[in-house]
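Visitor: Can you look at this prediction? I've put the sequence above it.
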Amino acid sequence: MPELPEVETTLRGITPWLQGQVIESVVIRQPSLRWPIAQEIETLTGQTIRRLTRRAKYLLIETDIGTAIWHLGMSGSLRLVGEGEPFKKHDHVEWLLSNGKRLRYHDPRRFGALLWQGVDEVCAHLQHLGPEPLSEAFDADYLYQRSRGKSQAIKTFIMDGKVVVGVGNIYANESLFLAGIRPTVAAGKISRARYVRLVDHIKQVLAGAIEQGGTTLRDFVGGDGQPGYFAQQLYVYGRGGQACKQCASTLQEIRQGQRATVFCRRCQR
DNA sequence: ATGACAACCTGTGGGC
DNA sequence: TGCCCACAGGTTGTCA
């Protein structure tokens, strides 16, 4: 269920339970994810978890011998469980920690990945990524410059990880609505002033979702549940054919890059 | 170089 | 109730 806010929520949820712990054992029940799980993951047995960080939608778990890099794909989740908890269908990986907790990776569709990055290496997937959306490097000037000459639709443009990371389908739809920009407009034809609004809304909507994600942390870490989909006030996503919350006209639904796009013809131009 | 599209895989929900 | 189809939070790889 991961867009960036959920990956961040996951990171914050598991960090206190993982940091400083020794990985006592690694169980791989299903090695076939989007790519086969890296061989080196098994060698983590006996290693101490030094640090957890996030880059884009990747979770980085550092040890002295290298870094495990987890991507949750479309349907992946990480949760902590206690001893005796039976495996569920699609629980593919388990790490037993020295505090007795078990970190389990669950992913029905297996679009996720568990990659390896050696010390002093940079994983191929992390190279060429654009700036973090909540960083200062991501601002209107940057987007404006990057977009000049582009005929690509603004929605697919902001969902391109080489432009900016972490803007998934839900938040691309929502931020374009809030900025009043029609998702089909060519990125290169949008003014600097409108990019100011767009960047502002992307940051707000992601930051707000992370805050709300935080409210589900306790359940999540307690281990009996899914990360839980943060209750988010959605204006357009999943609301095609329904009334616009701002002007009551019917929301349009189209497809862009095989993804559902929903927008209001009246509020977004 | 750009951009459109298929692919990876399973589950779910709607229509008949 | 059951079957079939379309679609789902992401990313990569290929092809025109």
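Guide: Alright, I've got the coordinates.
Visitor: Tell me how many other residues surround the residue of chain A at minimum distance from DNA strand C.
Guide: In chain A, the residue that lies nearest DNA strand C is A:Gly168 (2.2 Å; Cβ to the nearest atom of the strand). Placement of C-beta: from N, CA and C, glycine included. A:Gly168 sits with 19 neighbouring residues when counted by other Cβ atoms under 10 Å.
Visitor: What does it show for phi and psi?
Guide: Dihedral angles of A:Gly168 (phi, psi; degrees, to the nearest 10) stand at phi -90, psi -170.
Visitor: now the helices for the stretch 101-250 of chain A?
Guide: For the stretch 101-250 of chain A, applying DSSP state H, counting those that start in this stretch gives helices covering A:140-147, A:154-158, A:169-179, A:192-213, A:217-222.
Visitor: mind checking how far the first one is from the chain centre?
Guide: Between the mean C-alpha point of helix A:140-147 and the mean C-alpha point of its chain there is a distance of 23 Å (Cα atoms, centre = their mean, to the nearest Å).
Visitor: returning to that earlier point: adding mean pLDDT, distance to A:His71 and mean neighbour count, write the helices of the stretch 101-250 of chain A out as TSV.
Guide: As requested, those are exported to TSV (pLDDT from 0 to 100; distance: least, Cβ to Cβ, whole Å; neighbours: other Cβ atoms under 10 Å):
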stretch	mean pLDDT	distance to A:His71	mean neighbour count
helix A:140-147	96	24	17
helix A:154-158	96	20	24
helix A:169-179	95	16	23
helix A:192-213	93	18	18
helix A:217-222	40	18	16
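Visitor: Now do the nearest residue to the residue of chain A closest to DNA strand C once chain neighbours are set aside against A:Gly46, distance only.
Guide: Among residues not flanking A:Gly168 along the chain, A:Glu3 sits closest, at 3.8 Å (Cβ to Cβ, 6 or more residues apart in numbering). Distance, A:Glu3 to A:Gly46, using Cβ to Cβ, to the nearest Å: 34 Å.
Visitor: out of the two, which sits in the busier spot?
Guide: Using other Cβ under 10 Å, the more surrounded residue of A:Glu3 and A:Gly46 is A:Glu3, with 21 against 12.
Visitor: so the more buried one makes contact with A:Ala172?
Guide: No - applying Cβ atoms under 8 Å, one finds A:Glu3 not in contact with A:Ala172, separated by 9.6 Å.
Visitor: Would you mind listing what in the stretch 1-150 of chain A touches DNA strand B?
Guide: Those residues of the stretch 1-150 of chain A that sit near DNA strand B, judged by Cβ under 7 Å from any atom of the strand, are A:Ser32, A:Arg34, A:Ser75, A:Lys89, A:His90, A:Pro108, A:Arg109, A:Arg110, A:Phe111, A:Lys150.
Visitor: which residues pair with the first one across the strands?
Guide: Partner residues in beta bridges with A:Ser32, using DSSP bridges, are A:Pro36.
Visitor: what's around it, how many residues?
Guide: Around A:Ser32 there are 10 other residues, counting by other Cβ under 10 Å.
Visitor: Need the per-residue pLDDT for it.
Guide: On the pLDDT scale, A:Ser32 is placed at 95.
Visitor: Is the helix or strand encompassing A:Thr261 in proximity to DNA strand C?
Guide: Using DSSP states H and E, A:Thr261 sits within strand A:259-263. Yes - using Cβ under 7 Å from any atom of the strand, strand A:259-263 reaches DNA strand C at A:Arg259, A:Ala260.
Visitor: which residues touch the closest residue in space to A:Trp95 that isn't next to it in sequence?
Guide: Leaving aside its chain neighbours, A:Trp95 sits nearest to A:Leu103 (4.4 Å; criterion: Cβ to Cβ, 6+ apart). The contact partners of A:Leu103, taken as Cβ atoms under 8 Å, 6 or more residues apart in numbering, are A:Ile14, A:Trp17, A:Leu18, A:Leu78, A:Arg79, A:Leu80, A:Glu94, A:Trp95, A:Leu97.
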